[in-house]
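Peer 1: Okay, sequence plus prediction incoming.
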Amino acid sequence: MTTSPPHAPSPFPRRLIVIVTGFALLRVALAATVPILDDEAYYWAWSRHLSLGYLDHPPAIATLVYASTQLFGDGALAIRLPSILFAAGTAIAVYGFTRSLGGDERTAYASALFLHALPVVATASFLTAPDTPMLFFWVLTAWAIWRALNGQSRSWITAGLTFGAGLLCKYSMGLLIPGMAVLGLARYRGALRDGHLYVGLAIAGILFAPNLLWLTANEFATVRYVYGRALWMAPIHPVANAAALVAASLLYLSPVLGVLLLAAPGAIRRTPPGAYLLAAALPTIVAVLQAAASGRGKPHYILPAAILGIPALALWTGHRIETWKRLGLIVGFSFTVVALAALSVGPILAPGMIRETIGWAEVRERIRQVAPDPAATVLVTGSYQSAGQIAYATRDRYVVLSPTRESAFGQWAPPVRYRGRAALIVYDPATPLFQGQAGRLLCNRHEILDPVVIPSPRGPIRTFAFIRCEGLRAAELHRP
């Protein structure tokens, strides 16, 4: 009698696949029901004007949206599909990274739970943004470098591929490297003699070269934009600003789990995985605190460091810390449930809750009535957010101008090119740029048209102003 050979164990257990698939389906449901947000519409507009770089970010997000919408159309789910897939891939990568760091199956599965207990990951990762694919490549690069430093030298090639791809998603990918370099020089100097390291660096350089050429040709416009744009928060005091950002970041991560994730690499720093994760996370933490002190930080900026804290927390053992882990999961998933309820039920109970998504269908219809010929009239608005929404609502049939320094629309539609043309100015009067003087500022002659008012049982939710413009001046405007 013969016996069949035993089956090799699956590298990813069934319960991991269940949780990853479950959250992916949840994101699909959200993606299909939540209207497109301002930044998502903006990235969709980029995908209609592919370039090697954009004012705000590298080109990967535009390319991903272009590929998805070419295959599946311009609906919200198609625009968001790349983010949904990358979010699922990040969960699997976190599991594999934790196993590579020495965790067993139970520990690695715990890391996947920690990831999905982060409200910003569990709910917001269905949205189209450069951060989601960047985080996927961030984890893969950290995983590959760890493997390369621990005897698997061919992983330097993998690290080069994933690091170069991550840079094309978001420049903050570069923050993974300083700590790695310091740690490598301190503990892994033998890696400098490994030829695979230099092959990996060359691959990363080749992948990033097109965007670097674009930056050079455009006098590093992205750098000037980042340092010249308006502050996100009033610079009251550096310490107060940093404290406010830390508090907001912990809400994004959930308070208990956020603290644990940021503390975990330091808690196990005496182990090789702990020292590695701490070195990888510190540059991001320092950069975020510096940005916060100057009023330029945003809560989600800390997420790459928190992601590196996930395997560290999974590997952190002890009776007391296990209690805190369970509490972190309970609080994190509770925050997630509240966020999901707000996204699904909130707009029904409070129609104006996600204000930026409201009114664009009505705006599209008014544009078609007032300017039925897209070739005869250009559209002008006061912010990149409105420009993106108008471009998406009209499916890019009109030329849309955003005459400010803070918009990538100027790359393919510089306002000076349309000087003297007939235009329709469309804007939310709440936008501070025009301050009620759009016609005088932008037109030789103008006619104020009836506004579009979006009603609700409790009163108007939003109002859009329309101005017919003859002889567009196309002057660049600056935000106050």
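Peer 2: Yep, that arrived.

Peer 1: Just to be sure, W44 is in a strand?
Peer 2: No: remark: W44 does not belong to a strand; assigned using DSSP: H, G, I helix; E, B strand; the rest coil, it is helix.

Peer 1: Quick check: the gap between it and I36.
Peer 2: In this view, W44 and I36 are 7 Å apart by CB to CB, to the nearest Å. Every residue, glycine included, has its C-beta placed from N, CA and C.

Peer 1: next one: A209
Peer 2: Relative to I36, A209 is positioned 32 Å away (CB to CB).

Peer 1: Compare these two (neighbour count), which wins?
Peer 2: Remark: of A209 and I36, I36 carries more neighbours, 25 against 12, as counted by other CB atoms under 10 Å.

Peer 1: What's the end-to-end length of stretch 217-226?
Peer 2: Taking CA to CA, to the nearest Å, stretch 217-226 runs 17 Å from one end to the other.

Peer 1: For it, buried residues please.
Peer 2: For stretch 217-226, burial by neighbour count (16 or more other CB atoms under 10 Å) applies to N218, A221, T222, Y225.

Peer 1: so can I have CSV of the residues you listed showing secondary structure and distance to G274?
Peer 2: What follows is these, written out as CSV (DSSP: H, G, I helix; E, B strand; the rest coil; distance: CB to CB, whole Å):
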residue, secondary structure, distance to G274
N218, coil, 41
A221, helix, 40
T222, helix, 35
Y225, helix, 37
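
Peer 1: could I get these as CSV with distance to D56 and pLDDT?
Peer 2: As requested, those are exported to CSV (distance: CB to CB, whole Å; pLDDT from 0 to 100):
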residue, distance to D56, pLDDT
N218, 13, 92
A221, 10, 87
T222, 7, 87
Y225, 7, 81
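
Peer 1: And L472, its phi and psi?
Peer 2: Per-residue torsions, L472: phi -60, psi 130 (degrees, to the nearest 10).

Peer 1: who's in contact with it?
Peer 2: Residues near L472 by CB atoms under 8 Å, 6 or more residues apart in numbering: V378, V380, P415, Y418, R419, G420, R421, A422, A423, L442, C443, N444.

Peer 1: for I467, same thing?
Peer 2: Contacts for I467 (CB under 8 Å, 6+ apart) come out as L424, I425, A438, G439, C443, H446, E447, I448, L449.

Peer 1: now swap in A247 and tell me
Peer 2: By CB under 8 Å, 6+ apart, A247 has no neighbours at all.

Peer 1: Mind checking which of the contacts of L472 are buried?
Peer 2: Neighbour counting over those (16+ other CB under 10 Å) leaves V378, V380, P415, Y418, R421, A422, A423, L442, C443 as the buried ones.

Peer 1: Out of those, which sit inside strands?
Peer 2: Among the buried ones among the contacts of L472, the ones falling in strands (DSSP state E) are V378, V380, A423, C443.

Peer 1: Which residues does the third one form beta bridges with?
Peer 2: Looking back up the chat, that one is A423. V378, C469 (DSSP bridges).

Peer 1: Mind jotting down where the strands sit in the stretch 301-450 of the chain?
Peer 2: 378-380, 400-401, 423-427, 443-454 (DSSP state E, counting those that start in this stretch).

Peer 1: what are the pairing partners of the longest one, and which direction each?
Peer 2: The reference is to strand 443-454. Strand 443-454 has these partner strands in its sheet, going by DSSP bridges: strand 462-472 (antiparallel).

Peer 1: contacting residues around A117?
Peer 2: S254, L257, G328, L329, G332, F333, T336.

Peer 1: The last one: neighbouring residues, count only.
Peer 2: This points to T336. T336: 21 surrounding residues under other CB under 10 Å.

Peer 1: Quick check, it in contact with S125.
Peer 2: No: applying CB atoms under 8 Å as the test, T336 and S125 come out as separate, 11.4 Å apart.

Peer 1: so who does V259 touch?
Peer 2: Contacts of V259 by CB under 8 Å, 6+ apart are L250.

Peer 1: So for the helix or strand hosting it, mean pLDDT?
Peer 2: Secondary structure from DSSP states H and E places V259 in helix 255-267. Mean per-residue pLDDT for helix 255-267: 96.

Peer 1: Would you mind listing the buried residues in it?
Peer 2: Of all the residues in helix 255-267, those buried under the rule 16+ other CB under 10 Å are V256, L257, G258, V259, L260, L261, L262, A263, A264, P265, G266, A267.

Peer 1: my guess is the fifth one meets R326, correct?
Peer 2: Spelled out, that is L260. No: contact criterion CB under 8 Å: L260 and R326 do not qualify, at 11.0 Å.

Peer 1: Mind listing the shared neighbours of the two?
Peer 2: Common neighbours of L260 and R326, using CB under 8 Å, 6+ apart, do not exist here.

Peer 1: which residues touch L251?
Peer 2: When contacts are counted by CB under 8 Å, 6+ apart, L251 touches P299, F335.

Peer 1: Please disregard the earlier target; I meant I448.
Peer 2: I448 touches G439, A465, F466, I467, counting by CB under 8 Å, 6+ apart.

Peer 1: and the third one, what does it touch?
Peer 2: Right, F466. Contacts of F466 (CB under 8 Å, 6+ apart): R366, V370, L424, I425, V426, I448, L449, D450, P451, V452.

Peer 1: change it to 10 Å
Peer 2: With contacts defined as CB atoms under 10 Å, 6 or more residues apart in numbering, F466 is in contact with 363, 366-367, 369-371, 424-427, 447-452.

Peer 1: need the helix or strand of this protein with the lowest average pLDDT.
Peer 2: Least confident helix or strand, the chain: helix 346-349 with a mean of 68, by mean pLDDT, DSSP states H and E.

Peer 1: that older thread, tell me the one among the buried residues of helix 255-267 nearest to L197.
Peer 2: Taking CB to CB as the measure, L197 lies nearest P265 of the buried residues of helix 255-267, at 23.7 Å.

Peer 1: That closest one touches I307, doesn't it?
Peer 2: No: look at P265 against I307 with CB atoms under 10 Å: they stay out of range, at 11.3 Å.

Peer 1: Now for these two: what residues contact both?
Peer 2: The contact sets of P265 and I307 overlap at A280, A281 (CB under 10 Å, 6+ apart).
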